[in-house]
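Enquirer: Fold the stuff below for me.
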Amino acid sequence: MSKKHIAVAMGGYSSEYKISLLSGSVVCESLDTAKYTVYPVHILKDGWNYVAEDGTKHPINKADFSFSTGTETIVPDVVFNTIHGNPGENGYLQAYWELLGIPQTSTDFYQAALSFNKRDCLSVLKNFGIRCANSYYINKGNAVLSEEIIKKVGLPCFVKPNRSGSSFGISKVNTMEELLPAIEKAYEEDSEIIIETALVGVEVSVGAFTHNGEITVFSPTEIVSENDFFDYEAKYQGKSQEITPARISEEELERVKLETKQVYQVLNMKGVTRSEFIIQDGIPHFIETNTTPGLSRESIIPKQVKEAGLTLTDFFGMLVENVLIKN
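Expert: Numbering: from 1, shown residues only. Just a heads-up that it's a prediction; the model follows:
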């Protein structure tokens, strides 16, 4: 049986591209080379290229996502999508690959776009009975009605860009005076903002994926940040403890796993996702879901894969086989 050609897409156009390159390289190292021929594909603002082992770059033909290896032209059988943020987590590339008829490992374009827009995602989930924090929405150019905002969400609260990952542009606001600077900071990442009540409780992050039509929910990871909240520094620069499995009661564990599965089902997800919750008074409150979660050595999903008794080779192979079966 001939080996399948797998393009591992990494990079992207957002502030998160360096983290995505780390995720992509872990996938390239971990995929079973007895089954697959693996091609690292860097999708960056300054160009799309297959990057060979010796560092030579071969441009991607955007007409059909093909590239030369120097000796032959490859059209991938599957794209393994590890791009965080724009354009790999917001649906753009998913729609492009779907038009080309190339299967890819992350969720479909509409689900990706919906979940990337925090406000729209919360609006859908609230209607299905998923608990979320109180929130207030504001767009660039709108008047900032500080008193009205605080009346709705209270203090402390979080100010977040609506469509941004990796905690860029997020601030925790403890006083009325901090609100305007926090809004300005969030506008640097996005023209739409979401302001939410700061929930008090245990923060957990829970991976889920589909295999053979069954949804598997991983054991949650508890996030204990040294900083005021799980910001970029905490997430990627070691300023947090990530404890897998989370130190929560059996009842809380069952509840949060059930909520994770429900979010995955309601949003009609595919591939691997990671949902964040804060368990306040025993009740999980949904924060957000990531449809191309980090897969670097420091990332949460690889730790949960290990906790589940799987190797990354097994797990990444399952994600590839899922989309190969359908095609």
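Enquirer: Pop the domain breakdown of this structure in here.
Expert: Residue ranges for each domain of the chain read 4-105, 113-131+199-291, 135-197, as given by automatic domain parsing.
Enquirer: Let me have these in TSV, adding mean pLDDT and mean neighbour count as columns.
Expert: Quick note: C-beta positions are derived from backbone N, CA and C, even for glycine. Compiled in TSV, the domains of the chain are given as follows (pLDDT from 0 to 100; neighbours: other Cβ atoms under 10 Å):
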stretch	mean pLDDT	mean neighbour count
domain 4-105	97	19
domain 113-131+199-291	90	18
domain 135-197	92	17
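Enquirer: what's the closest of those to Thr313?
Expert: domain 4-105 (5.1 Å; Cβ to Cβ).
Enquirer: got the contact list for stretch 18-34?
Expert: Stretch 18-34 has contacts (Cβ atoms under 8 Å, 6 or more residues apart in numbering) with 3, 6, 8-12, 38, 40, 42, 80, 82-85, 88, 166, 236, 292, 294-299, 302, 311-313, 316-317, 320.
Enquirer: export the domains of the chain to a markdown table and tack on distance to Ile325?
Expert: Listed next are the domains of the chain as a markdown table, based on distance: least, Cβ to Cβ, whole Å:
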| stretch | distance to Ile325 |
| --- | --- |
| domain 4-105 | 10 |
| domain 113-131+199-291 | 8 |
| domain 135-197 | 29 |
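Enquirer: Might one say that Leu199 is in contact with Phe277?
Expert: No: look at Leu199 against Phe277 with Cβ atoms under 8 Å: they stay out of range, at 9.2 Å.
Enquirer: what pairs with Thr221 across the strands?
Expert: Ser205 (DSSP bridges).
Enquirer: wait, what's in contact with it?
Expert: Contacts for Thr221 (Cβ under 8 Å, 6+ apart) come out as 204-206, 242-246, 300, 303-304.
Enquirer: Show me which of the residues you listed is closest to Asn49.
Expert: Checking the contacts of Thr221 against Asn49 with Cβ to Cβ, the nearest one is Ile300 at 29.0 Å.
Enquirer: list the helices and strands the top helix by length along the chain packs on?
Expert: Identified as the longest helix of the chain according to DSSP state H is helix 250-266. Applying 3 or more Cβ pairs under 8 Å, 6 or more residues apart in numbering; DSSP states H and E, we find helix 250-266 packed against helix 118-127, strand 202-211, strand 214-217, strand 272-280, strand 283-290.
Enquirer: Phe158 belongs to a strand?
Expert: Yes: Phe158: assigned to a strand according to DSSP: H, G, I helix; E, B strand; the rest coil.
Enquirer: hang on, it packs against Gly169?
Expert: No: look at Phe158 against Gly169 with Cβ under 8 Å: they stay out of range, at 10.9 Å.
Enquirer: all helices for the stretch 51-200 of the chain, in order.
Expert: Along the stretch 51-200 of the chain, the segments classed as helices by DSSP state H, counting those that start in this stretch run 92-100, 109-116, 118-127, 146-153, 179-187.
Enquirer: That'll do, ta.
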